[in-house]
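J.: just coords:
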């Protein structure tokens with residue numbers, strides 16, 4: 001056995017567990033851990049400008065690729081409390097992430113010592129485990145348990161809090177004898193899957209709802225294979241977007257009150273059976289449950305047993321890892337295909353395809369100031385199928401989800417349930433770390449962008465290039481739209497006359513100057529015809545300087561984006577597409 005500091009053992013465990021990408025800020029109470037990382041040399045560290053930003057970077061890194069676990073590190077006190085929003089975002093979307101905080105010495109924890117806070121209690125509601133490690137000998141076991149929990153069942157984040165004296169203590173530890181604990185995942189039985197498939201094949205108009213659990217399981221290819229075997233259309237959720245490429249004939253659109261397609265909602269309403277795999281039945285997806293569930297049967301498959309029936313009681317529920325369930329369903333479907341006992345759903349598929357080709361929203365507007373719909377049309381033209389989009393919340397994200405196209409898993413990265421403003425920029429930096437040499441495009445409104453704008457400097461310092469499209473209407477647009485029901489427009493305007501930047505024409509903050517001051521490149525666009533050249537220039541600047549490039553698009557100030565309170569009652573505020581030229585980047589069009 002070898003005697004070493006607990007932090008040296010912890011860092012060795014990180015490397016053996018494959019968690020080698022860290023984001024954080026050092027401080028007095030966590031310096032021993034930083035010294036261990038320096039001595040080990042195998043953990044890459046990216047210095048954030050704010051600990052919340054570091055947590056979102058770690059979150060983005062975890063979401064970027066199968067098996068990733070990002071690490072966020074901070075000192076005692078406010079560093080831990082700054083991480084809470086990041087932990088919440090990861091917990092809400094079932095993302096594994098490890099947060100490590102320093103802490104006052106054990107003997108000082110009850111003395112209100114400087115920057116000593118009970119972060120364990122604060123973090124418990126938004127983690128799978130939060131633990132202040134009080135005994136040096138517990139450190140290896142706590143890290144071992146953390147990795148098992150992050151990967152087992154419904155994935156999620158963990159926080160480990162390390163008192164200074166515990167970090168400095170020496171223990172006997174042999175990393176060569178260390179082994180990760182076996183990950184636990186429930187698996188559907190053949191009998192359960194036979195019943196689910198029997199229910200599906202008894203239906204005339206079945207759908208598969210594909211959730212983020214499929215992406216977490218790395219099972220998108222199996223989802224597509226099952227859909228093709230059965231010839232059944234797929235409705236991805238917002239977190240499951242990309243499980244089936246947008247241009248696949250069986251991709252039937254997204255459903256919901258906001259981030260949805262007209263054709264997706266109509267197809268859901270026309271269905272008579274739904275099997276949900278790895279999804280939560282989130283309220284922005286379902287809307288009113290009476291409308292959503294009327295006239296159709298439901299099977300729900302989820303890795304977390306307590307998710308079954310949480311929102312509404314399905315006709316049949318199965319607790320299973322999405323990948324295991326899909327593998328089993330594929331095996332059964334192949335058997336029935338060979339026996340020629342599968343129904344023919346070609347007429348149903350053709351009906352869904354017809355809706356997909358006709359129920360389009362208009363995107364081709366020539367207006368100045370620019371209408372946001374045109375921005376997404378030009379983004380579809382400018383960025384290829386290999387692009388990974390990163391966004392979080394607001395009218396920008398809602399319209400983006402309605403109008404952009406995604407062609408594979410982990411190519412739409414979105415803090416879906418928590419929706420924290422400011423998440424996008426730091427998360428995009430984490431995604432770039434997780435997807436080096438791939439095209440990453442972030443999408444923000446002006447307020448989301450301003451929330452953690454300082455993190456752009458991290459991209460400049462560490463050469464983390466991506467394109468950040470900022471659609472600027474100088475408004476809290478989503479809040480302004482929701483205030484319409486109160487007949488008010490209160491505290492939502494960000495506009496002011498910037499005496500130092502009159503070229504902003506009353507839109508307030510000069511994002512171009514701020515981005516350049518933080519070491520990045522930036523372009524402002526005011527005419528829709530200039531968007532293609534701006535995106536081309538952004539790609540060139542990103543390639544040349546290896547820094548984030550901001551493309552700020554000046555929008556009309558007041559825009560209402562399609563949304564409603566029921567999936568059969570979404571309000572369409574703009575003209576709809578009546579011919580192909582109205583929506584030239586739609587996947588298919590039968591309007592002409």
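T.: It's in. Because the structure is a prediction, the values reported are computed rather than measured.

J.: burial of the residue nearest to residue 572 when sequence neighbours are not counted, as a residue count?
T.: Once flanking residues are discounted, residue 572 sits nearest to residue 562: 5.2 Å by CB to CB, 6 or more residues apart in numbering. The C-beta positions use only the backbone N, C-alpha and C, and glycine is treated the same way. The number of residues packed near residue 562 is 21, by other CB atoms under 10 Å.

J.: cool, and residue 347?
T.: With other CB under 10 Å as criterion, residue 347 counts 10.

J.: give me the beta-bridge partners of residue 316?
T.: Beta-bridge pairing of residue 316 under DSSP bridges involves residue 299.

J.: so who does it touch?
T.: By CB atoms under 8 Å, 6 or more residues apart in numbering, the contact set of residue 316 is 195-196, 199, 298-300.

J.: packing partners for the lowest-mean-pLDDT helix or strand in the chain?
T.: Ranking every helix and strand in the chain by mean pLDDT, DSSP states H and E puts helix 477-482 at the bottom, with a mean of 72. Other helices and strands packing on helix 477-482, by 3 or more CB pairs under 8 Å, 6 or more residues apart in numbering; DSSP states H and E, are helix 395-403.

J.: same thing but at 10 Å, please
T.: helix 395-403, helix 446-451 (3 or more CB pairs under 10 Å, 6 or more residues apart in numbering; DSSP states H and E).

J.: gap between the host helix or strand of residue 81 and the chain center?
T.: Here residue 81 sits within helix 78-92, counting by DSSP states H and E. Chain-centre distance of helix 78-92: 15 Å, with CA atoms, centre = their mean, to the nearest Å.

J.: one more: stretch 141-159?
T.: Mean C-alpha position of stretch 141-159 versus that of the full chain (CA atoms, centre = their mean) differs by 20 Å.

J.: start and end of it, how far apart?
T.: 14 Å (CA to CA, to the nearest Å).

J.: would you mind checking the average pLDDT for it?
T.: The pLDDT scores in stretch 141-159 average 97.

J.: could you find the closest non-adjacent residue to the residue nearest the centre of the chain?
T.: Central residue of the chain (CA atoms, centre = their mean): residue 414, 2.6 Å from the mean position. Leaving aside its chain neighbours, residue 414 sits nearest to residue 391 (5.5 Å; criterion: CB to CB, 6+ apart).

J.: now do the contacts for the one you found.
T.: Going by CB atoms under 10 Å, 6 or more residues apart in numbering, residue 391 touches 259, 397-398, 400-401, 404, 412-416, 419, 423-424, 427-428, 441-445, 448, 469.

J.: my guess is residue 263 meets residue 570, correct?
T.: No - between residue 263 and residue 570 there is no contact under CB atoms under 10 Å: 11.8 Å.

J.: higher neighbour count, the two?
T.: Between residue 263 and residue 570, counted using other CB under 10 Å, the more crowded position is residue 263 (23 against 18).

J.: re earlier: the helix holding residue 81 packs against which elements?
T.: strand 21-24, helix 51-64, strand 70-74, strand 97-103, helix 119-123, strand 158-163, helix 424-434.

J.: which residues belonging to that helix are considered buried?
T.: Going by neighbour count (16 or more other CB atoms under 10 Å), the buried part of helix 78-92 is 79-92.

J.: quick check: phi and psi at residue 117.
T.: phi -140, psi 150 (degrees, to the nearest 10).

J.: the closest residue to it other than its chain neighbours and residue 516: what is the separation?
T.: Residue nearest to residue 117 in three dimensions, not counting chain neighbours: residue 77, with 5.2 Å by CB to CB, 6+ apart. According to CB to CB, to the nearest Å, residue 77 and residue 516 sit 34 Å apart.

J.: and what of residue 216?
T.: Residue 216 is 38 Å from residue 516, by CB to CB.

J.: which one of the two has more residues nearby?
T.: residue 216 (25 against 15).

J.: that one and residue 169: what is the separation?
T.: Relative to residue 169, and taking CB to CB, residue 216 is found at 36 Å.

J.: ok, now residue 432?
T.: With CB to CB as the criterion, residue 432 and residue 169 are 37 Å apart.

J.: higher neighbour count, those two?
T.: Each of residue 432 and residue 169 has its neighbours counted (other CB under 10 Å); residue 432 has more, 28 against 17.

J.: for residue 571, which non-adjacent residue is closest in space?
T.: Residue 571's closest residue in space is residue 564 (CB to CB, 6+ apart), at 5.0 Å.

J.: okay, now the one you found: neighbour count?
T.: The burial count for residue 564: 16, using other CB under 10 Å.

J.: so what's it up against?
T.: Contacts of residue 564 (CB under 10 Å, 6+ apart): 256-258, 260, 265, 287, 570-572.

J.: TSV please, covering the residues you listed and showing secondary structure.
T.: Listed next are the contacts of residue 564 as TSV, based on DSSP: H, G, I helix; E, B strand; the rest coil:
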residue	secondary structure
256	coil
257	coil
258	coil
260	coil
265	helix
287	coil
570	coil
571	strand
572	coil
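
J.: pull the most distant pair out of those.
T.: For the contacts of residue 564, with distances taken as CB to CB, the pair at the greatest spread is 287 and 572 (15.5 Å).

J.: and the two? Which one has more around it.
T.: residue 287 (22 against 14).

J.: which pLDDT value belongs to the more buried one?
T.: 93.

J.: identify the residues contacting it.
T.: 255-258, 260, 265, 564-570.

J.: are any of those buried, and if so which?
T.: For the contacts of residue 287, a burial check counting by 16+ other CB under 10 Å picks out 255-258, 260, 265, 564, 567, 570.

J.: and the furthest pair within those residues?
T.: Largest separation among those by CB to CB: 255 and 564, giving 12.2 Å.

J.: joint contacts of those two?
T.: Joint contacts of residue 255 and residue 564 (CB under 10 Å, 6+ apart) are 265, 287.

J.: report the buried residues of stretch 531-542.
T.: Buried-residue list, stretch 531-542, by 16+ other CB under 10 Å: 531, 534-535, 537-539, 541-542.

J.: same thing with stretch 476-489?
T.: In stretch 476-489, counting by 16+ other CB under 10 Å, buried: 476-478, 480-481.

J.: which residues touch that stretch?
T.: 258, 372, 393-399, 419, 421, 445-448, 471, 473, 475, 490-494, 555, 557-561, 563, 571, 573.

J.: hmm, residue 367 is touching residue 556, no?
T.: Yes - with contacts counted by CB under 10 Å, residue 367 reaches residue 556, the gap being 6.5 Å.

J.: wait, isn't residue 7 in contact with residue 160?
T.: No - the criterion here is CB under 10 Å, and residue 7 misses it with residue 160 at 11.3 Å.
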